[in-house]
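> take this sequence and fold it.
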Amino acid sequence: MSWTDERVELLKKMWGEGQSASQIAKELGGVTRNAVIGKVHRLGLSNRATGAGSGGSAKPAAGDKPGPKAKPTKAEAAPAPVAEVEPAPVPVVRKPIIPAGQPLPPQPSANEISPEALASVREVEKKAKRISLMELTERTCKWPIGDPATEDFWFCGLAVQPGKPYCEAHVGVAFQPMSSRRDRRR
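Next up, the predicted model:
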């Protein structure tokens, strides 16, 4: 559908009469309500005297005769005082802790990690660089240590294994083969 001059004129006429975008779309055919609204805005017709969607026409009633306009008085000409409008409350959007319908990824618990790996991690954490979030790079281990809500929270910071986000010791804890996990659960 293209906006021909005839269709645009019909749109302008119906919009000026106070017809709704849905009514105009139905009359034009082959165009949606949203397309009508978009065209109205592009044409700069969005402000009209009658209430939008009233379905009525903007034509004066039979008894009403348009006469010469009287000069407004000083009170009428003065701008009306602007009432203070309270801002609408911002809705609180809470993210679900667990997305609906999606299982959590398997995460090793302390009893699933081998004692050797835990000992290795403890030794490495003694030698860790203890860096902050702002100091992380693609070459530093991003293993978080401590409680993020406290001042005593840091990242390992040692050199990462190629293609991994963690150092050798933390890779051993984070990336365990599936078969070894399955065997431990039995």
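> low pLDDT regions in this structure?
The chain contains residues with pLDDT under 70 at 1, 47-88, 90-114, 177-186.
> go again using 80 as the cut-off
1-2, 46-122, 175-186 (pLDDT under 80).
> quick one, strands of it?
With DSSP state E, the ranges of strands along the chain come out as 144-145, 154-155.
> wait, doesn't residue 145 sit right on residue 122?
No: taking contacts as CB atoms under 8 Å, residue 145 lies outside contact range of residue 122: 10.8 Å. In short, each C-beta sits where N, CA and C put it, glycine included.
> out of these two, which sits in the more crowded spot?
Per other CB atoms under 10 Å, whichever of residue 145 and residue 122 has more neighbours is residue 145, with 16 against 10.
> now for residue 119, how many residues are close by?
11.
> what separation do you get for it and residue 172?
Distance of residue 119 to residue 172, given as CB to CB, to the nearest Å: 11 Å.
> for residue 125, what are its contacts?
145, 156 (CB atoms under 8 Å, 6 or more residues apart in numbering).
> could you do the one 10 residues further on as well?
Under the criterion of CB under 8 Å, 6+ apart, the contact partners of residue 135 comprise 155, 157.
> ditto for the one 4 residues further on
For residue 139, the set of contacting residues under the criterion of CB under 8 Å, 6+ apart consists of 159, 160.
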